[in-house]
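Asker: sequence-free structure coming up:
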């Protein structure tokens, strides 16, 4: 396992704002940093989706394509590649799972409520192996939190309202923690929780899968 | 729709001033989405139906020219007069000329988003022709002098009390009455009187069958039928993409349309119009109005598969919390946001950005339009064509410069953490839109990169 220290950002904030044509510098750097590895794993679904869909390089398109095929979101990697069936983690808390849209609908980490298909969920499959963890029920299990990259400031009113509603669903379900496989959704919801002086915390799923609380 | 040049973000900001109303709007439309889910899940073959519908429409778009000529020939054989309109203005003129020929100055009109798109009501009004919309929701917004806020539920933004006030003022119902049954009965009386006195009826078209030259109009209120059956002149207006090749294809589309729209198995009335009854004249106006331009845009052509069910609006978390009028165009929501820039890129440059790209719209779409991917692609086009905010363009260039260079990136990260820790007032103020309703993230002591350097035993 290696963390290439010269990495920066995948370029998604620019691309989703309509400036994909400015992301070549990011793309080149990404390829330079990651093309040598067998697998690339990231704890953020939206970054992974961006790379999978949009990593290009005029001079090294084969390398770009290679990375697009071998990049995985963390829970996807644990479930599909490492085929984890047992964890020693313990996290005795009530947890609400936020299904980040790009991970869920883009990478298909979990079945989507809109489709008439068999249910599955890679994050839940892993969380169910954590001792003591109690999953709470949500009224809307896969509604967007409203972060949306630059949307969070460009469409501030709707973004905040979406965030408040998403947080409220978790609070009504009795969550002590809100978890997700995407930092940006969590940062957005944390900003709202803290403004409300709530005791509910956000926590990345990796921290739960690695937790040793008894 | 004129909004004083306010964009989606500004109009949504105004809509969100009344949070209780936003909650009500959101819940009302979520209820419709939930009904749609229930209806879809009652059919094990749902995803197969979507795929079939999508493929039929793909075939239509690839052979549009032939199907249009086939439809025209068959419709004329059936005794229907077919007209072609290149744009909204031509469409309006054609409708007006038909009415003039028949000496008609008062008409009834059932739901047609195409006539909204072409601003037909305004045009006819200016030419001294009275139009009464006979779809209940449309009649309500017409009385309120507002455009529809939703393509299937035109007055979904109005509460029953507000409708009661409108009816009291215009239809003479009791002051303060808001019982839906009472109000609907009053509307029924009012509309029955108009149906029997108007000589011309205009309807939309849900599906036009190339094979037979017939067209199908779907309503829940029977208002299209009431209008068309009583009028001497029936004018049906349709976008050229409304075609389907064969009548049997209705067995796919009629099953998915209303399940997607409202969760009903089928519309109450799915009326087939094939030829005029004796003594009646029937016209069809085929309208392009930008559709062939869109057909020529490889990335956006399949937006023309849309059957106007509005499932994408009902599921859209942004639409539900910003209201249809915030899109300042006839067709709101996700589908409107990929259709409108084709008609006027400058005026609708904001719409593809009115989305978090969550992807729910594409998942509910019964004809599998990749709506959220098209929103992303429109953003690229709009920026390249120079319609983006210049301030944003500069910010993005700075971002590119920072993110392309690991040293500058690390410095920027450090600087950001330092500022958040030691000078929070520089970001915790009203100039920072994040901070208006959200706290800034607590700055970590170090970045992950720094932590990794200290703790990684492999190094």
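Answerer: Received, thanks. This structure is a prediction, so every number in the text was calculated from the model and none was measured. Numbering: from 1, shown residues only, chains lettered A, B, ... in the order given.
Asker: can we go C-alpha only for contacts and neighbour counts from here?
Answerer: Noted.
Asker: give the contact list for the residue nearest the centre of chain A.
Answerer: In chain A, the centroid-proximal residue (CA atoms, centre = their mean) is residue A:182; its distance is 2.4 Å. Contacts for residue A:182 (CA atoms under 8 Å, 6 or more residues apart in numbering or on different chains) come out as A:43, A:44, A:45, A:46, A:100, A:103, A:204.
Asker: quick check: domain ranges of chain A?
Answerer: Following automatic domain parsing, chain A resolves into domains at A:12-78, A:86-209.
Asker: does the first one reach chain B?
Answerer: Right, the one you point to is domain A:12-78. Yes: using CA under 8 Å from any CA of the partner chain, domain A:12-78 reaches chain B at A:14-23, A:25-26, A:29.
Asker: against residue A:138, how distant is the residue nearest to the centre of chain A?
Answerer: Distance of residue A:182 to residue A:138, computed by CA to CA, to the nearest Å: 18 Å.
Asker: check residue A:29 too.
Answerer: Applying CA to CA, the value for residue A:29 to residue A:138 is 40 Å.
Asker: now residue A:153
Answerer: Distance, residue A:153 to residue A:138, using CA to CA: 26 Å.
Asker: give me the contacts around the lengthiest helix in chain B.
Answerer: Secondary structure of chain B per DSSP state H: the longest helix is helix B:19-41. Contacts with helix B:19-41, where a contact means CA under 8 Å, 6+ apart, come from A:113-114, A:116, B:15-16, B:46, B:156-157, B:259-265, B:311, B:314-315, B:317, B:320-323.
Asker: state the mean pLDDT of it.
Answerer: Helix B:19-41 shows a mean pLDDT of 98.
Asker: could you pull out the buried residues of that helix?
Answerer: Across helix B:19-41, burial judged by 16 or more other CA atoms under 10 Å in any protein chain shown covers B:21-22, B:25-26, B:29-41.
Asker: give me the pLDDT value at the residue lying farthest from the centre of chain A.
Answerer: Within chain A, the residue lying farthest from the chain centre (CA atoms, centre = their mean) is residue A:59, at 30.1 Å. pLDDT, residue A:59: 88.
Asker: repeat for the one 3 residues further on
Answerer: Here, the pLDDT recorded for residue A:62 equals 95.
Asker: quick one: classify it as helix, strand or coil.
Answerer: Under DSSP: H, G, I helix; E, B strand; the rest coil, residue A:62 falls in the helix class.
Asker: which ones are touching it?
Answerer: Contacts for residue A:62 (CA under 8 Å, 6+ apart) come out as none.
Asker: from chain B, how far out is it?
Answerer: Distance of residue A:62 to chain B, given as CA to the nearest CA, to the nearest Å: 20 Å.
Asker: does chain B sit close to stretch A:147-158?
Answerer: Yes: under the criterion of CA under 8 Å from any CA, chain B is reached by stretch A:147-158 at A:147, A:148, A:149, A:151, A:152, A:153, A:154, A:155, A:156, A:157, A:158.
Asker: isn't the fourth one up against residue A:159?
Answerer: So that's residue A:151. Yes: counting by CA atoms under 8 Å, residue A:151 touches residue A:159, with 6.9 Å between them.
Asker: who has more neighbours, those two?
Answerer: Using other CA atoms under 10 Å in any protein chain shown, the more surrounded residue of residue A:151 and residue A:159 is residue A:159, with 28 against 22.
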